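**Q** Any chance you can model this:
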Amino acid sequence: MEPVWIVDDDESIRWVLERALSRENIPLRTFCSADEVLAAFETGRPQVLLSDIRMPGTSGLTLLEQAKQRFPSMPIIVMTAFSDLDSAVSAFQGGAFEYLAKPFDLSEAVDLVKRAIKESGVKAEKENPVSRMPDIIGQAPAMQSIFRAIGKLSNSNATVLVTGESGSGKELVARALHRNSPRATRPFIALNVAAIPKDLMESELFGHEKGAFTGAQAMRRGRFEQAEGGTLFLDEIGDMPVEMQTRLLRVLSDGHFYRVGGNQSIKADVRVIAATHQNLEKLVQEGTFREDLFHRLNVIRLRLPPLRERTEDIPVLARHFLKQSAEQMGVEPKRLSESAAMFLSQCRLTGNVRQLENLCYWFTVMVAGQTIEVKDMPVDLLEENIQGDSSGGRSSQDIRPSEDDAVLMAVSGNASAGESWEKLLEKTVIDMLDRGEGNLMDVLDSQFERILIRTALRYTHGRKHEAAVLLGIGRNTIARKIQELGISIDSRT
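**A** Presented below is the predicted three-dimensional model:
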């Protein structure tokens, strides 16, 4: 069997993969640059190629392109710590077998290599131009699944149903699907079904002929005709009236429709992407949404996670929105301090990405300095996430910080002016003694470790290896501590 080739400028990644694959008796070679691999192609080829995307010199995507030209059937697995849509789409459109986001699970990587070896005869897809969609970014595993799906759907016309809470970015996903599809040069037409009055819905979708009803003084093309050859995005599809669901189903079934008041059948060449924040299965059970339409729309389903499930993405999203708002206003972009970024990552942002975007515009306009601190946050956000906590039973009046809060304030630099973190911790210990609590060493040790590890994980956006290096502990140690202390990226305990 031909060896597996690994190329990454990070020696630790090469070492870890080499050890893991060697234990599986998989022959391999390692390289530290794409140029070395291109030179090695003159004398041989791998069974499978694992390549980083961003490396000094020739990039992984350039290597991917040249490798597929030489060996079209060779599976290539791309790896990257830069978890954005561009990387995923570029990788899949370049013919990649799979996309592996760092930090990856080692057993998952080994299983992926084994699967690539078995399927090494499968030909990759042809490369297509890459369209940028910089607004969709994220390092959370759930977002990586979205990126993979967009990449795999890049040559498809399949109907897609995007689900997710309000403000989570469903239209951005729809636009990305369009821009990375064969219909990219044709129109993208968006319609919010919930915003259209029931009486106007049919005309809005299918258009009308002159004189079709009172006020129809001229023929009007509907959204289906406007989207001809392109994509029609129907947002909040769950709010569509039942009678209109019947007409939409007919169009999806046979590809033809009539304008209101018309008698000529019009053929529709349109890809439909629908989105909703509602549970369509429940609406079907309640009889307010047609089951046959649900199955027509639910060919491919993409669930967009709410922000609370991807809190590690909040700092990078905030930086993006701060830069975006600064460009629009012609000013220098502001930056979040570490404590402010940590605070935002712990906030209850029920409006999801849209709320975070609005917050960043508020920061750009309202904050005087270039660095945004916790004290600069809007008052209502501070009150909701620091002072008031109805679920926790803490009053917004005369609040005493918990032991975790005290340690967190010290770690993030939020201790009172002129008061050291040691002094704050001393006060916390006195409070605990006054309350008659015992076993203080074990309690505070656990709390301190949890805060240190959680803070380091947030700082490294969930990359455990980097967090372990910063804390001066081993990777096995941090993994064990995370399990023992019940730590998650967005944990508040």
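**Q** what's the burial count for Trp27?
**A** Trp isn't right for residue 27; it's Pro. With neighbours defined by other CB atoms under 10 Å, the count for Pro27 comes to 12. Where you see a C-beta, it was placed from the backbone N, CA and C, and this is true even at glycine.
**Q** before we move on, what about Ala194?
**A** Here the count is done by other CB under 10 Å, and Ala194 has 13 residues near it.
**Q** Return the residues in contact with it.
**A** Residues in contact with Ala194 (CB atoms under 8 Å, 6 or more residues apart in numbering) are Asp235, Glu236, Asp239.
**Q** Inside helices: which ones of the residues you listed?
**A** Counting by DSSP state H, none of the members of these fall within helices.
**Q** Filter these down to the ones in strands?
**A** The members of these that map onto strands under DSSP state E are Asp235.
**Q** Can you add pLDDT, distance to Ile136 and neighbour count and give the contacts of Ala194 back as a markdown table?
**A** Converted to a markdown table, the contacts of Ala194 look like this (pLDDT from 0 to 100; distance: CB to CB, whole Å; neighbours: other CB atoms under 10 Å):
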| residue | pLDDT | distance to Ile136 | neighbour count |
| --- | --- | --- | --- |
| Asp235 | 94 | 16 | 20 |
| Glu236 | 94 | 20 | 19 |
| Asp239 | 93 | 25 | 19 |
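**Q** Closest one of the contacts of Ala194 to Glu36?
**A** Nearest to Glu36 among the contacts of Ala194 is Asp235, at 48.4 Å by CB to CB.
**Q** Which residues does that closest one form beta bridges with?
**A** Here Asp235 shows beta-bridge partners Asn192, assigned using DSSP bridges.
**Q** Surely it touches Val272?
**A** No: look at Asp235 against Val272 with CB atoms under 8 Å: they stay out of range, at 11.7 Å.
**Q** can you give me the strands for the stretch 51-200 of the chain?
**A** Along the stretch 51-200 of the chain, the stretches classed as strands by DSSP state E, counting those that start in this stretch are 76-80, 98-101, 160-163, 188-192.
**Q** Can you tell me the number of residues neighbouring the closest residue to Arg183 other than its chain neighbours?
**A** Across the structure, with CB to CB, 6 or more residues apart in numbering as the measure, the residue nearest Arg183 apart from its sequence neighbours is Gly230 (4.9 Å). Applying the criterion other CB under 10 Å, we find 19 residues in the vicinity of Gly230.
**Q** can you pull the contacts of Gly230?
**A** For Gly230, the contacting residues are His178, Arg183, Arg186, Pro187, Phe188, Ile189, Val270, Arg271, taking CB under 8 Å, 6+ apart as the criterion.
**Q** Would you format those residues as a markdown table with neighbour count and pLDDT included?
**A** Listed next are these as a markdown table, based on neighbours: other CB atoms under 10 Å; pLDDT from 0 to 100:
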| residue | neighbour count | pLDDT |
| --- | --- | --- |
| His178 | 24 | 91 |
| Arg183 | 19 | 90 |
| Arg186 | 17 | 89 |
| Pro187 | 15 | 90 |
| Phe188 | 20 | 92 |
| Ile189 | 19 | 92 |
| Val270 | 24 | 94 |
| Arg271 | 22 | 94 |
